[in-house]
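**Student:** heads up, no residue letters with this:
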Ligand SMILES: O=c1[nH]c(=O)c2nc[nH]c2[nH]1
Ligand SMILES: [Zn+2]
């Protein structure tokens, strides 16, 4: 297949700006040579053109080309309930999320939701997502099918719970194990899909169901683990009452053997030092969801404490507790919250780009995505605002790519996403 040479202003962060100075790499008139979906060479456009005169040129000048966004925490069944603002977590679950999640029992309904959800993700520039699936196995199948159609890199699983939600959403340890095993055999490692073992949170999980989750993890090396932790103070109190023998919230997962390199825990707004130390030692990542934390009033994410402890952090939209699929908006909200909280971490455009891209790949242990390194997959988002919009004006007058990137986070929306590629194939084109 002939190679394609993408000509664009591009930026990426192959290394972490939290640990490397000058982590932001930018090329103003850059070239990315892509063949069979893989980036083969990267540099100044003129140099690549001279070296590869036969390549087909795709001209993307006038916008910004970024690595596809990686959302490390988002809920499939909640796309249609975005906007339940102002309730604390447990009330929001009862009144907004769980009634809709019960509707996923109807597979035709679930298929429609999966379509809305996948389109929402890819249309916002997200190319990889760690997805909280559904409590219903057939809805999880419908989602993986839809993800395969659009090309989305989906890491997802059956959500399991056996108490304190609603009867329709409860299962048993035996059934959780059997359905999880069947889904892993059907989907894990098939195409771009990976499986994530997903107890909803310790509040709705008995020790028996956490043990069933651990059995799946032990028996299927390579599957990922995800759940929620330390989101809301009332939630933490209930978990403490439910697990009187546990040292803290993390220990409820840790004792079951669920915390390791392939674990991603959402929120962690109220961690103890012990929990941070264990997460760092285990290389378990935190998915920070700033819009959700704001909408549900959960609190300020202690990013400084995570970084000081050595806990890896990535971004999640947490739709529908969150307010939409855009990781540009999550980056901006993270920036705002760190700015406002005492002891917050000042976040530069490089930090925001890293959190929205390569940090997610690290969290998910996916070395082939998240930046524009030769050998990586060409997963990319082209931000090209409509002429006459404020972002277009900033782009046309920006003194540097970094300033344009800052503006993309400050005011960019899914409406500015012109095209998205996953593995070199177009996954979305703006109408
Ligand atoms: O933000 C959240 N959204 C959810 O759906 C959920 N379930 C448990 N804990 C949760 N937190
Ligand atoms: Zn969540």
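**Tutor:** The structure has been received and is ready for your questions. Keep in mind it's a predicted model, so treat the numbers as computed, not measured. Ligands and ions are numbered 1, 2, ... in the order given.
**Student:** Which positions in this protein make contact with ligand 1?
**Tutor:** 75, 89, 93, 97, 200-201, 228, 231, 292, 318, 321 (CB under 6 Å from any ligand atom). All C-beta spots, glycine's among them, are computed from the backbone N, C-alpha and C.
**Student:** Quick check: which of those residues are also close to ligand 2?
**Tutor:** residue 318 (CB under 5 Å from the ion).
**Student:** Buried only: go through the residues of the chain next to ligand 1 for me.
**Tutor:** Among the residues of the chain next to ligand 1, those buried by neighbour count (16 or more other CB atoms under 10 Å) are 75, 89, 93, 97, 200-201, 228, 231, 292, 318, 321.
**Student:** among the residues you listed, which two are most distant?
**Tutor:** With distances taken as CB to CB, the most widely separated pair in these is 200 and 292, at 15.1 Å.
**Student:** any idea of the pLDDT on the residue of the stretch 301-431 of the chain found nearest ligand 1?
**Tutor:** Ligand 1 sits closest to residue 321 of the stretch 301-431 of the chain, with a gap of 3.6 Å, by CB to the nearest ligand atom. Note on residue 321: pLDDT of 98.
**Student:** so what's the residue lying closest to residue 424 once chain neighbours are set aside up against?
**Tutor:** Excluding its sequence neighbours, the residue lying closest to residue 424 (CB to CB, 6 or more residues apart in numbering) is residue 37, at 3.1 Å. By CB atoms under 8 Å, 6 or more residues apart in numbering, the contact set of residue 37 is 377-378, 423-425.
**Student:** Relative to residue 41, which of those is nearest.
**Tutor:** residue 378 (11.7 Å).
**Student:** got the contact list for that closest one?
**Tutor:** 6, 32, 34, 37-39, 421, 423-424.
**Student:** Looking at those, which one is closest to residue 262?
**Tutor:** Closest to residue 262, out of all of the contacts of residue 378 and judged by CB to CB, is residue 423, at 22.0 Å.
**Student:** Around that closest one, count how many other residues there are.
**Tutor:** By other CB atoms under 10 Å, 20 other residues sit near residue 423.
**Student:** Need the residues of the chain next to ligand 1 in CSV (columns: secondary structure).
**Tutor:** Shown next, in CSV, are the residues of the chain next to ligand 1 (DSSP: H, G, I helix; E, B strand; the rest coil):
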residue, secondary structure
75, strand
89, helix
93, helix
97, helix
200, coil
201, coil
228, strand
231, coil
292, helix
318, coil
321, coil
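**Student:** spatially speaking, which residue is in the middle of this protein?
**Tutor:** Nearest to the mean C-alpha position of the chain, by CA atoms, centre = their mean, lies residue 71 at 1.5 Å.
**Student:** which residues of this protein score low on pLDDT?
**Tutor:** Counting by pLDDT under 70, not a single residue of the chain qualifies.
**Student:** List the buried residues of the top helix by length along it.
**Tutor:** Criterion DSSP state H: the longest helix present in the chain is helix 107-123. Residues 107, 109-111, 113-115, 117-123 are the ones in helix 107-123 that count as buried (16+ other CB under 10 Å).
**Student:** Which of the contacts of residue 378 fall in helices?
**Tutor:** Going by DSSP H, the helices hold none of the contacts of residue 378.
**Student:** Going by neighbour count, which of those are buried?
**Tutor:** Using 16+ other CB under 10 Å, the buried ones in those are 6, 32, 34, 39, 421, 423-424.
**Student:** closest point of the stretch 101-250 of the chain to ligand 2, which residue?
**Tutor:** residue 228 (5.6 Å; CB to the ion).
**Student:** my guess is that residue contacts residue 201, does it?
**Tutor:** Yes: with contact defined as CB atoms under 8 Å, residue 228 counts as touching residue 201 (4.0 Å).
**Student:** Residue 77 is in contact with residue 319, correct?
**Tutor:** No: using CB under 8 Å, residue 319 makes no contact with residue 77, being 9.9 Å away.
**Student:** Could you report the neighbour count for residue 361?
**Tutor:** Counted with other CB under 10 Å, the neighbours of residue 361 add up to 23.
**Student:** what sits against it?
**Tutor:** Residues in contact with residue 361 (CB under 8 Å, 6+ apart) are 70, 128, 367-371.
**Student:** Which of those residues are buried, as a PyMOL select command?
**Tutor:** Remark: buried members of those, expressed as a PyMOL selection using 16+ other CB under 10 Å:
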select buried, resi 70+128+369+370+371
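**Student:** Need the contacts of residue 361 in JSON lines (columns: secondary structure and distance to residue 401).
**Tutor:** Listed next are those as JSON lines, based on DSSP: H, G, I helix; E, B strand; the rest coil; distance: CB to CB, whole Å:
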{"residue": "70", "secondary structure": "strand", "distance to residue 401": "21"}
{"residue": "128", "secondary structure": "strand", "distance to residue 401": "23"}
{"residue": "367", "secondary structure": "coil", "distance to residue 401": "25"}
{"residue": "368", "secondary structure": "coil", "distance to residue 401": "24"}
{"residue": "369", "secondary structure": "coil", "distance to residue 401": "21"}
{"residue": "370", "secondary structure": "coil", "distance to residue 401": "18"}
{"residue": "371", "secondary structure": "coil", "distance to residue 401": "15"}
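**Student:** which residues are contacting the longest helix of the chain?
**Tutor:** Contacts for helix 107-123 (CB under 8 Å, 6+ apart): 71, 74, 76-77, 79-80, 103-104, 129, 134, 136, 138-139, 142-143, 145-147, 149-152, 319, 324-325, 414, 417, 420, 422, 427-428.
**Student:** So which of those residues are in helices?
**Tutor:** Per DSSP H, those map to helices at 138-139, 142-143, 145-147, 149-150.
**Student:** Test my guess that residue 210 contacts residue 251.
**Tutor:** No: using CB under 8 Å, residue 210 makes no contact with residue 251, being 11.2 Å away.
**Student:** and the two? which has more neighbours close in?
**Tutor:** residue 210 (25 against 19).
**Student:** For the more buried one, give me phi and psi.
**Tutor:** Main-chain dihedrals, residue 210, degrees, to the nearest 10: phi -70, psi -40.
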